[in-house]
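> sequence-free structure coming up:
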């Protein structure tokens, strides 16, 4: 086999390692059989051991305890099985991988389950058309689901969130622009206070408005107060999120604008805000989605009613989260289902807002949609045409000058 | 304004020849030239409006805190230091304090954080490091959506689904860890065979678990964002040195995102301290310090406000304001601690390469 040995008989070669012992390249991708076997084996062992403990040995009971124990034993057995043919770091890696996967699955399943459970319980209320077209003015707790609905709460929620956003969005955006554009001690103070107020518990915003507007004006609960309470809650959130978005606008763009001779106002209006538009829209919509589901401020300020009220300035105004909160405390089955139905309607509203936010946002500053890009290309071509006309006019003038 | 169009009537050349420089040769100036910018009228107006908006927001935000303090002062003055040590809540009878409700609030929040942080770290690591690329964006959207789900939805789930299913787990913990004071339940021993479910419902533990589920998406979202920003160069360096995936995560990703992890936890803690509706649906309020997490009955500041504001006398309202002020002070403290920790850590700072 060795050609070297034949030509130079004087040299001796060390024996070559046989092919079996030569280092094999490690497979980095794909599924390896031992891994699958270890997983399945550990799972089977964990199930059997826990079953044995639960039924024969120890006086345990309950499904949650069973699952938790099975999982713990599974991780243990898996570690042992893997350690038969892997070294320390690899065993740790595998164990962490299993733990992280199961935690991720647990969180996602639990969150999805919360939503699914709400729809499951609210389904029987949601299928009736009257649930969306009627209010509860003639419906008692004992009435079946074919009577009454949550129209008054949907109307109330939309009006209240409209008022809240009407106050919070202009003020929040203005404050964000101020924090971003006008540096100084006052601006820093505003930023600190806004940061601190994002931690304001929602019930305190309600208490504040209750003690000022409701008790001071002495005209009972009314929808505008609820809008104000939600605005107090949403204002710091919107301001802070908008400030973060504004900070992402590339400095090069604004500096280019200044270098071309624009003033600050022109730069903010024509460069900074349009560049950050999609991010700002996302910030605003997510603020709205957060505010629309707040129950505590509404509970303290809007009051409870059973009829549609379009006037936010007088009379109590129902909203979806409050309706859900109050209905489910009733012992009547139909009333509880109505409460779950209201929660579903609220979830759908939040989902709509969220999808809108995703459709508008999700793009960094300066990134354009296909339509925006087409429009910009068109504008640029128009500019080119204008320049061409200027140049032609200039050449013509020069020619005429030479002629004369 | 500098943004004029081209004058239409006089022809101009687009590419004018630069005018030859005429004048004395200037040596570079020895002192830096002082640059001044003159603001135009519109800029002054813009700044004035923006400053006005900022000040308005500032005044509004300070007014909330100041108003709470002003209205709460009456009750605080009457109660004095006993406000901090009294457990009862009977403002009109003169005996009221936050000892019980603030302890309840903190215990519920601590349970929530203890449950939520491992879950959030695990979920965030899964989404940013382990999940297949194809479903990663979907998972990110899902978690962000869950962060926007109203708390009443979680409250309903906890009230109708979780509460009665948790009692067996509570019993199990109580049976095996009763020697830890927090897990003790008065009236139940391991050999107790009577019906026990009612001992365990409406406890801080169950309320904490529900709040935890509410906190998880928020914390996950923040942590995932930080994990995914860990520099690629350092990740590849760790792999090149032979690290396993966990080796890389523990050496690069987790230290990089430490600040964001603490910040996300603190933000979740702030949310958990202030949670109202879900907690008041689940707990049955008592005004005694209840250190037993698993036992029926506890109380929190926000649920006390939500349950008592309607029938409160002016003085009772003042007492509620004072309680709200203490809750606000607590959340502010948590928030500032988070801000300090985050600003001191490296989070977000990108290394060379």
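Sure, I can see it. Everything numeric in this text was worked out from a predicted model, so none of it was measured.

> What are the neighbouring residues in contact with residue 271?
Because you didn't say which chain, this covers chain A. Residue A:271 sits next to A:249, A:253-254, A:257, A:262 when contact means Cβ atoms under 8 Å, 6 or more residues apart in numbering or on different chains. Heads up, the C-betas are built off the backbone N, CA and C, glycines and all.

> wrong one, chain B
With Cβ under 8 Å, 6+ apart, residue B:271 has these contacts: B:211, B:214-215, B:218.

> how does it look with 6 Å?
The contact partners of residue B:271, taken as Cβ atoms under 6 Å, 6 or more residues apart in numbering or on different chains, are residue B:215.

> Need phi/psi at residue 276.
No chain specified, so I'll use chain A. phi -90, psi 10 (degrees, to the nearest 10).

> I was after chain B.
According to degrees, to the nearest 10, residue B:276 has phi -110, psi -60.

> Tell me how many other residues crowd it.
Using other Cβ atoms under 10 Å in any protein chain shown, residue B:276 has 30 neighbouring residues.

> again with residue A:66
Count around residue A:66 with other Cβ under 10 Å applied: 18.

> ok, which stretches of the stretch 301-404 of chain A are strands?
Using DSSP state E, counting those that start in this stretch, no strands are found in the stretch 301-404 of chain A.

> where are the low-confidence patches of it?
Applying pLDDT under 70 to the stretch 301-404 of chain A flags the ranges A:361-367.

> residues near residue A:298, how many?
With other Cβ under 10 Å as criterion, residue A:298 counts 34.

> State the pLDDT value of it.
pLDDT, residue A:298: 85.

> Helix or strand: which one has it?
helix A:296-301 (DSSP states H and E).

> Mind checking if that helix is in reach of chain B?
Yes. Applying Cβ under 6 Å from any Cβ of the partner chain, one finds helix A:296-301 in contact with chain B at A:296, A:300.

> Give me every residue in the stretch 101-250 of chain A lying close to chain B.
Counting by Cβ under 6 Å from any Cβ, the stretch 101-250 of chain A sits next to chain B at A:103-104, A:107, A:111, A:114, A:117-118, A:171, A:174-175, A:177-178, A:182, A:190, A:193, A:196-197, A:199, A:201, A:203-204, A:207-208, A:211.

> all strands for the chain, in order.
Answering for chain A, as no chain was given. With DSSP state E, there are no strands along chain A.

> You answered for a different chain; I wanted chain B.
Under DSSP E, chain B gives strands at B:89-90, B:95-96.

> need those in TSV with mean neighbour count and mean pLDDT, can you?
Shown next, in TSV, are the strands of chain B (neighbours: other Cβ atoms under 10 Å in any protein chain shown; pLDDT from 0 to 100):
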stretch	mean neighbour count	mean pLDDT
strand B:89-90	18	80
strand B:95-96	20	81
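
> Poorly predicted segments of the stretch 101-250 of chain B, please.
Residues of the stretch 101-250 of chain B that meet the cut-off, pLDDT under 70, sit at B:187-197.

> Show me where it has its helices.
Using DSSP state H, counting those that start in this stretch, the helices assigned to the stretch 101-250 of chain B run over residues B:133-147, B:151-157, B:163-165, B:167-177, B:197-200, B:204-228, B:232-240, B:245-248.

> now do the stretch 251-400 of chain A
Ranges of helices in the stretch 251-400 of chain A, per DSSP H, counting those that start in this stretch, are A:251-259, A:264-267, A:273-275, A:277-292, A:296-301, A:320-327, A:333-360, A:370-403.

> from the residues of the stretch 101-250 of chain A next to chain B, which ones fall inside helices?
Counting by DSSP state H, the part of those found in helices is A:103-104, A:107, A:111, A:114, A:117-118, A:171, A:174-175, A:177-178, A:190, A:193, A:196-197, A:203-204, A:207-208.

> Can you tell me the number of residues neighbouring the residue in the stretch 201-350 of chain B that chain A sits nearest to?
Closest residue of the stretch 201-350 of chain B to chain A, Cβ to the nearest Cβ: residue B:274 (2.7 Å). By other Cβ under 10 Å, 26 other residues sit near residue B:274.

> contacting residues for it?
A:201, B:302, B:331.

> tell me the most buried of the helices of the stretch 251-400 of chain A?
Of all the helices of the stretch 251-400 of chain A, helix A:296-301 carries the top mean neighbour count, a mean of 30, counting by mean count of other Cβ atoms under 10 Å in any protein chain shown.

> quick check: longest helix of chain B.
Taking DSSP H as the criterion, chain B has its longest helix at helix B:41-79.

> Is that one in proximity to chain A?
Yes. Applying Cβ under 6 Å from any Cβ, one finds helix B:41-79 in contact with chain A at B:42-43, B:46-47, B:50, B:53-54, B:57-58, B:61, B:64, B:67, B:71.

> about what we covered before: for the nearest residue to the residue of the stretch 201-350 of chain B closest to chain A once chain neighbours are set aside, give me phi and psi.
Excluding its sequence neighbours, the residue lying closest to residue B:274 (Cβ to Cβ, 6 or more residues apart in numbering or on different chains) is residue A:201, at 2.7 Å. Main-chain dihedrals, residue A:201, degrees, to the nearest 10: phi -60, psi 140.
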